[in-house]
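Participant: okay, structure incoming, though there's no sequence with it:
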C-alpha cells in the first residue's frame, strides 16, 4: 500500500456532521479513542452556514446547493430553535433499541455537555406537573411529558462552535464533500467514494446523514440489501399568531407538545416545534421548499409572534411503500403554485377563499416570512386540511384567539420519517461494521435522541479501539 493510500485509510468514517455525528466525534475525542476518524459533511463549517434570506440578500429561497439551513456542521438542528426535549414519549424510538433507562441517561448526559459548553443559563422547562396538562385533558387534548432545554438558535450556534473548537483539531473533518457511493468490500471493510472522485477506506462506517440525507441513505442501504421500512409521513402547516395568545402556555412549559384525535376522521394531529417570539423560515430538502420555525435566546432578536407546526400523521399500509414521496408531491404543489411557500389567513381558509395581497394588507398579524398569499386547499388534501382546521378550533379552547381570522397558516410543513433501517441493540446493521444513527436512521426524530445515539455508538467503538 502506498503512502497516499495509507493516508486515506481510517478506522472510522462518519458520513454526516449533524447532531448524531457531532456528539459522536465529541465523545470519541473525550474518551481519547485510539482510532483514526474522518467526518465527511456535504455542507460547510458552522461559520459559513449563512442563509441568503437571513442575511437580507433575498426575500425567498433561491435553492442554494447545499442548503445552509439543512446542511453543514451541526446539521438541520444547528440553525433551529435549539430545543432539546429530554423524553421518550416523542422524538424517536431510541429507547426501544437500548432501553428506557439508558436512553434517558444519555439524553441527560447530552444536556450536561450542552450546559458545559455555554448552555448553563438556558432555562430547563418541565411539563410533568403542569396545570396545563389538566386543562388540556378537560378539552380532549393531551400534553406529552418532557423536560425541555431551550437554547435558542443564537446560543445553539455558539455551543456547537465551542464543541467544534475541542474536536476539530483531534478529528479530521471534510466539508463541502458529498458522498457519491459506499462500497461494501467485506465485514469491517468499506470504501467511501466522494462526489469529487476521492476514495477512502475504513473498518467501521457510521451513517449519520440526518433528515437531509433521507434519499441517499435509503439508496445506500438498499444497495447493500439492508431491510428498511417506510410507512409514515407527517403533513401540515406552520401556524403564526400574536405571541400573547400562547404566552400563558409558552411562559410555563415553552414547548407544548399537544396531541389531538379528530372527531371527523379519528386522525392524530399534534403541535410541533413551538417558537415563542420567533420567526417562520424556509427549508430546502432535496430541492423542495418547505417551512419551519426558529426563535432566539437574545431578547433583541425576538419578534411579536409565536409560531408552531400542526402536523397530521399519515401511516400507510401495503402495498404503498414510499411515504416520503407522497409528502414531497404535496410540497411540490405548494412550490408550483406559490414559487415556494404559500400563506393563508385562517379566516380565508374556513370561508373557502384565497388570501390575496389586498386581504393580507388588512391582516393584523404581521408575517415574519415573505411568502405567497394563496389557497392551501389547492395543495393539502381535504382529509388533512379538515383535521388541521378541527385542531385549530380545539386549541382555541385552551388558547383563545388561536382561531382568529388573522391567524396565519404557511404551507406546507412536511416531516419526512426516513426509512427506518433495521439495526440491532448497538445500532449496527446486518452488515458488520456499518452503523446507522440519528434522524437519518429513522430511529430518532429529535435533537436529544439523535445526539444520544451518537454518544452511544461512540462509546461502543471506543471500547473496540481502546481509549
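Facilitator: That came through, no problem. As the structure is a computational prediction, the values presented were derived from the model and not from experiment. Residues are numbered from 1 along each chain as shown.
Participant: pLDDT wise, what is the nearest residue to residue 149 once chain neighbours are set aside at?
Facilitator: Distance criterion CB to CB, 6 or more residues apart in numbering; nearest residue to residue 149, sequence neighbours excluded, is residue 84 at 4.5 Å. The C-beta positions use only the backbone N, C-alpha and C, and glycine is treated the same way. Looking at residue 84, its pLDDT stands at 93.
Participant: my reading is that residue 84 lies in a strand. Confirm?
Facilitator: Yes - counting by DSSP: H, G, I helix; E, B strand; the rest coil, residue 84 is located in a strand.
Participant: I'd say it and residue 114 touch.
Facilitator: Yes - counting by CB atoms under 8 Å, residue 84 touches residue 114, with 6.7 Å between them.
Participant: endpoints of stretch 280-293, how far apart?
Facilitator: Across stretch 280-293, the terminal residues are separated by 4 Å (CA to CA, to the nearest Å).
Participant: so for that stretch, mean pLDDT?
Facilitator: Mean predicted confidence for stretch 280-293 is 87.
Participant: who's more crowded, residue 84 and residue 114?
Facilitator: Set residue 84 next to residue 114 and count neighbours by other CB atoms under 10 Å: residue 84 wins out with 29 against 26.
Participant: which residues does that one contact?
Facilitator: 107, 110-111, 114, 148-149, 151, 446-448, 451 (CB atoms under 8 Å, 6 or more residues apart in numbering).
Participant: beta partners for residue 40?
Facilitator: On the basis of DSSP bridges, residue 40 is bridged to residue 15, residue 174.
Participant: you'd agree residue 385 is in a helix?
Facilitator: Yes - checked against three-state DSSP, residue 385 lies within a helix.
Participant: before we move on, the earlier item: narrow the contacts of residue 84 to those in strands?
Facilitator: Applying DSSP state E to the contacts of residue 84, the entries found in strands are 148-149.
Participant: quick one: the contacts of residue 84 as CSV, columns for distance to residue 387 and pLDDT too.
Facilitator: Listed next are the contacts of residue 84 as CSV, based on distance: CB to CB, whole Å; pLDDT from 0 to 100:
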residue, distance to residue 387, pLDDT
107, 31, 98
110, 33, 98
111, 34, 97
114, 35, 97
148, 25, 91
149, 31, 93
151, 32, 92
446, 23, 91
447, 27, 94
448, 28, 96
451, 32, 97
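Participant: want to throw the contacts of residue 84 into JSON lines with distance to residue 13?
Facilitator: Formatted as JSON lines, those follow (distance: CB to CB, whole Å):
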{"residue": "107", "distance to residue 13": "26"}
{"residue": "110", "distance to residue 13": "23"}
{"residue": "111", "distance to residue 13": "28"}
{"residue": "114", "distance to residue 13": "26"}
{"residue": "148", "distance to residue 13": "34"}
{"residue": "149", "distance to residue 13": "31"}
{"residue": "151", "distance to residue 13": "29"}
{"residue": "446", "distance to residue 13": "25"}
{"residue": "447", "distance to residue 13": "23"}
{"residue": "448", "distance to residue 13": "25"}
{"residue": "451", "distance to residue 13": "20"}
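Participant: strands of the stretch 151-300 of the chain, start to end?
Facilitator: Secondary structure of the stretch 151-300 of the chain, counting by DSSP state E, counting those that start in this stretch: strands at 172-174, 179-186, 189-194, 199-207, 228-229, 232-242, 258-261, 268-275, 279-285, 288-294.
Participant: what are the pairing partners of the last one, and which direction each?
Facilitator: The strands beside strand 288-294 in its sheet (DSSP bridges) come out as strand 279-285 (antiparallel).
Participant: can you check the third one too?
Facilitator: Using DSSP bridges, the strands paired with strand 189-194 are strand 179-186 (antiparallel), strand 199-207 (antiparallel).
Participant: which elements pack onto the longest helix seen in the chain?
Facilitator: If you go by DSSP state H, the chain has its longest helix at helix 447-465. With contacts taken as 3 or more CB pairs under 8 Å, 6 or more residues apart in numbering; DSSP states H and E, helix 447-465 sits against strand 9-15, helix 19-30, strand 83-86, helix 94-98, helix 100-114, strand 199-207.
Participant: run me through the strand neighbours of the shortest one, direction for each.
Facilitator: Spelled out, that is strand 83-86. Partners of strand 83-86 in its sheet, by DSSP bridges: strand 147-150 (antiparallel).
Participant: domains in this protein, as residue ranges please.
Facilitator: Domain segmentation of the chain under automatic domain parsing yields 3-129+145-229+420-465, 232-416.
Participant: with distance to residue 136 as extra columns, can I get these in TSV?
Facilitator: Conversion of the domains of the chain to TSV gives the following (distance: least, CB to CB, whole Å):
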stretch	distance to residue 136
domain 3-129+145-229+420-465	10
domain 232-416	6
